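Q: Pasting the sequence and the predicted coordinates here, then a few questions.
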Amino acid sequence: MAEASSSTAEAVVVIRGLEKSYGSVRALRSLSLELAPGPTGLLGPNGAGKTTLIKLLLGLLRPDAGHATIAGCDPTTASGRLALRRSVGYMPENECSIPGLTGLEIVSTLGQLTGLTRADSLSRAHEVLDYVGIDEARYRLADEWSAGMKQRLKLAQALVHDPGLLLLDEPTSGLDPKGRRHMLDLIHDLGHVQHKSLLLCSHLLPDIERTCRDVVVLKEGAVALAGGIAELTRTDGIRVRVEVGGDRARFEQALAASGYACTPEVNGRIAIRLDGRASDADELFALAADSGASLRSIEEVRSSLEQVFVAGVANEERT
Amino acid sequence: MPGLAASTWLLFRTQLSRVWWSRRALACLALAAATPALAWLVAAFGEVSGAEIATNLGWLLLLQVIVPLLALVAGSAVVTEEIEDRTISYLFSRPIPRASVLLGRWLAALLFVSTLLAVAALSTAFLASRSAAPGPAVGCGIVVPLLEAAVLGGAVYSAIFAAAGVFFRHPMIVGLGYAFAIEGFLANLPGRNQALTVQYYLRSIVGTTGSDAWREVEGFELSRFDSATSAVVTLAVVLVLFLAAGSWRITRREFVLSA
Amino acid sequence: MARTNTEVYRPFRGTLGARTLGFLALARAGIAAATKRKLPLVILFGPPAIATVIFSFVVYARFALEAGVTPSPLGGPSPASMIAVGFAKQMIQVREEIFMFHLAMSLFTLLVIAWFGAGLIADDRRLGAHLLYFARPLSRSGYLAAKFLTVLFFGGIAVVAPGLVICIVATFASPDFAFLRDEGSLIPRTILFGTLWAGVWGSVMLAISSLFLRKTLALVASFAFFMITTAISVVLANLQQDDRFLMLSLQMNMQRIAGWMLDGPSMRMHWDVRWSFAVVLGITAAAWAILFARVRRLEASA
Amino acid sequence: MTLLVARDLARWYGPVVGLVDVALELEPGVIGLLGPNGAGKSTFLKLVAGEIRPSRGTIEVLGRDPFANRAHFAETGFVPQQDALYNDMTGRDFVAFLLRLSGHSAKQARDRAGQALERVGLADAMNRPTRGYSRGMRQRTKIAQAIAHAPKLLVADEPLAGLDPIARRGIVELMLELARGGTSILVSSHVLHEVEELTDNVLLLHRGRVLAQGEVPEIRALLSRHPRKVEIRARDARALARAVLDLPGVGSLRISADGTSLGVETHDLEGFLSALPRTAAAVRAGIRSLETPDAGLEAVFEYLVS
């Protein structure tokens, strides 16, 4: 995923000094942010203002101060609000469905509410339901669907009017491993293959790492960290983490003898610093062969997004 | 491990402080305030004697409509509220007899309902007595039976609806059906089946112990009355029976919460 | 030249119109959802349908007697038709009978509108449907208009249809359409009254539905509202020996309006009909005020 | 003594199957309960917590039948799945109230409630009504009420759902600390990497049946019909492929389109790995990384469920 992270195309969402508080709780603290086209992750501990930000972008809430433009529209004006909701797809966090309707009827009704004609919305409903992988169940009442299928229905209704920008709030909550992988594949396809801009709000870091190119970390209503995921998780020198089988002691002596700096890790693995000496681990294999050891796994040490998140969010307070 | 009495007392004390601060309590307050408000209005602007106001409003509105409705709103929630809010798992994973959940919370609801109804009955009588129009005074013959019937009616109805909360999924609708459809229908039938309604016993209490002013209320003198004591005893037995059935059922039944 | 069409996601090629009447789709969806469960439909619309059929036959028999023709029931003389003919004999005035039948039906409409109206906003909030609606270009007034049309649809059928059917039967049964000449204006007035009745009670029911989170609670609340207002109005009227207190009950006012609009007897209600209109419109305005306030909160909490 | 014994255990909700002929024995310790949605995880936990009765067969927890058994509740803490609290009560009052119901005196209840809430990281928020709590704080309050009376067994249904990484790490550490202290923990989740942080001992459910039970590596070893996969990223994968072809147990080779990664399937993983260093040293194909992707829980789950 080494595409250019933020091309010069004009930003999809521009936020300047956004303020919002509920009574004494300050949800957003003069937030300023620009979202480039493409898939961006929105991260932050519970109560960092993620859901509030999404509601402000959709024009469901009025900000106390500052302004935002989304897909070229201003959510605080009535006309801007109606216009932006035609070009933005929103996948809400908590479970929602329309009582008494089948899945197909829900998606086609919401399509018509967005401005599609009756015929267009019905054919479009079938297309998006095929895309999210809902087959005959579409003809059954959505109230009887499983949590996983309701989650896919929410994505389908967000896609029915083929919006340029998608706001996805915790898309994988409540899904089992298979459902989760399928949902992440869909979002990855939307972001990278269909070139839709999307703002994915989640607290599961592997989801964001799997589907997004950029990430914004919120903390107590302000941006703690923002940038491309690849840059943020790159480490300085090349270090590898090795799991050793067979005669581990002799292998460690051989490593020390040939001057590799290595530090043992908690789960029995060893982190070895390669930088400068070699760009690959062939040398390590040679040492292992000589000392009767085997290398069960070798992985490049990158600080995972979790470390970036913890560092970004917890830099002042104790973790 | 706490016994039945200890855990009932614990649930009662905790629920007592919570029962006053809910939207449900707001609805009950509004219901209880209806009769006194009307009594004040009629006393201030009408030319009707205090006794007539107290007896008519007391019987036709307070005892026949407000008492069952208020007991329904407060009583049916005794167990159903915990099930709908899905907080029952916390109570049912504690080493306490399950019946204490019903009894403890019902006692709190009882105190709440009785207080409201007593205040409603007394204020209705008081406000009615301020009417300038000539007529018999609003004496004990009116106030005492009204108070006794209102509080006792509230207690029995709330016990019945609390038990309904354990037996049925929609106790509100079942309770409404009983209080207004079945009781309304049976009350008008001549003969013994009136004895199946709570209203009959309330009427017996008011009829035998109340003063003659009660007799003038339209449609009051229809039925034959039991003695007041036998009416009170019967109501007490009904109350205990329903609570016992509810306690037995809550211990046996599995409460499977929808996901 | 061979073409493959295997791309998984097909972009939308149609046009996205600025359809201001988009909310009609929501009304259609509401009606579709309500008619899915057949049992309530049968229970609620069965009895009025049967009553309408019987009453139409009675009207037919009444006109037949007037014209000196002995009414010949379709399936030959059956006990039911004998009773109907007997009843037709004592009928005084067709128009008055139609009025009384209409009143009976409008009470039944209370139940129909309560059942279909109770869940309209309550279930939306409980199941989170408002999250889906208000992320769409649907304004608050659009949402309310759609919900109102849904309840008006069912209320309208329950109250207007019986009246219309009977007027039509009366028209054909009356000798060379005399009914149409003398009482022709009754038909538009029936439609007007039916719509007013369904509109007013529909608004009250929607307001109650927006105040509660569950359909059952809204149903109980609507029963309590109806029960208490009626009880208070009757008690006060008896106490004060003054029938004007009946104006406190919405349903009494509607009967007074019905009496005036359909030239029916006005029983105990002898006050100026403008008072009834004032009370009814006041209650409807209050209902809509509650509705707009609640939906504003609904959109913000989406 | 054994933690839990289930014999021919089954539970239906009308026509819907919750669990069907489950027979197993669990030893004290931390057990991860896994399975797709609707696999019967919540049903099993409710049976262990004594909230519902089996439709057939028996279940014994700590030697007792759990259903509505007061002695069992005294020694068990239950974290229900639903996000429900008494919104008008403060966190401390809520936990203290439940402790009173567990037979503690007023003072004891208040102190232990404070300690439990501090352990879950709610020291500053415990005196505020839970109405104002965030999702993560509500989840931690639910855990606090389950551990406040120092139970022998903690039954937790999706305790980590909705927690952000910092809160989740805190709860995982708390559970590990409880486990070290001798408390057995039965925890369900459907986010596998969360369970991997907690324990290696898992119980896999699918469509109401027990698919597998035990340590993950042992389960993986039992799945012999699935050859082991090794993913190697190297500068010249094709050269490495030629050299690796005749190493022990190699079944199939797969070279990626850009020629930088080699997928090997072998029926003798140990033999293959011990022979690899000599070959790799000889070929010098510039190996950058080597992984056995199907050793993890996710792959084991995938094999069993598909």
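A: It's in. Residues are numbered from 1 along each chain as shown, chains lettered A, B, ... in the order given.
Q: at contact distance from chain B, anything in the helix or strand in which residue C:282 is found?
A: Secondary structure from DSSP states H and E places residue C:282 in helix C:273-300. No - applying C-beta under 8 Å from any C-beta of the partner chain, one finds helix C:273-300 separated from chain B by no less than 13.9 Å. All C-beta spots, glycine's among them, are computed from the backbone N, C-alpha and C.
Q: Can you spell out which helices and strands pack onto that helix?
A: helix C:94-127, helix C:140-173, helix C:186-211, helix C:250-261 (3 or more C-beta pairs under 8 Å, 6 or more residues apart in numbering or on different chains; DSSP states H and E).
Q: Mind doing that once more with 10 Å?
A: helix C:94-127, helix C:129-133, helix C:140-173, helix C:186-211, helix C:250-261 (3 or more C-beta pairs under 10 Å, 6 or more residues apart in numbering or on different chains; DSSP states H and E).
Q: Give me the contacts around the second one.
A: Right, the one you point to is helix C:129-133. For helix C:129-133, the external contacting residues (C-beta atoms under 10 Å, 6 or more residues apart in numbering or on different chains) are A:60, A:90-101, A:106-107, A:109-110, A:113, A:153-154, A:157-158, A:169, C:23, C:26, C:121, C:123-124, C:138, C:140, C:142-143, C:146, C:295, C:297-299, C:301-302.
Q: Please, a PyMOL command that selects the buried ones among these?
A: The buried subset of the contacts of helix C:129-133, as determined by 16 or more other C-beta atoms under 10 Å in any protein chain shown, is captured in PyMOL by this line:
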select buried, (chain A and resi 60+90+91+92+93+96+97+98+99+100+101+106+107+109+110+113+153+154+157+158+169) or (chain C and resi 23+26+121+123+124+138+140+142+143+146+295+298+299+302)
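Q: hey, where'd the helices end up in the stretch 1-150 of chain B?
A: B:4-19, B:23-45, B:50-56, B:67-75, B:77-84, B:88-91, B:99-129, B:140-167 (DSSP state H, counting those that start in this stretch).
Q: weakest of the ones you listed by average pLDDT?
A: Sorting these by mean pLDDT places helix B:50-56 lowest, at a mean of 85.
Q: low-confidence ranges in the stretch 1-150 of chain C?
A: Applying pLDDT under 70 to the stretch 1-150 of chain C picks out residues C:1, C:3-8, C:14-15, C:17-20, C:68-82, C:84-95.
Q: wait, what's in contact with the residue of it found nearest chain D?
A: Per C-beta to the nearest C-beta, residue C:128 is where the stretch 1-150 of chain C lies closest to chain D, at 14.0 Å. Residue C:128 makes contact with A:92, A:93, A:94, A:95, A:96, A:97, A:98, A:154, C:301, C:302 under the criterion C-beta under 10 Å, 6+ apart.
Q: Kindly tell me how buried the residue of the stretch 1-150 of chain A found nearest chain B is, as a neighbour count.
A: Nearest residue of the stretch 1-150 of chain A to chain B, counting by C-beta to the nearest C-beta: residue A:147, 7.6 Å away. Other residues near residue A:147 number 16, with proximity taken as other C-beta atoms under 10 Å in any protein chain shown.
Q: which residues does the nearest residue in space to residue A:118 that is not next to it in sequence contact?
A: Spatially, and ignoring its direct neighbours in sequence, residue A:118 is nearest to residue A:112 (6.1 Å; C-beta to C-beta, 6 or more residues apart in numbering or on different chains). By C-beta under 10 Å, 6+ apart, the contact set of residue A:112 is A:118, A:120-122, A:125, A:160-161, C:19, C:21-26, C:28-29, C:136.
Q: hmm, 8 Å instead?
A: Listed by C-beta atoms under 8 Å, 6 or more residues apart in numbering or on different chains, the contact set of residue A:112 reads A:118, A:121, C:19, C:22, C:25.
Q: Secondary structure element holding it?
A: Judged by DSSP H and E, residue A:112 forms part of helix A:103-114.
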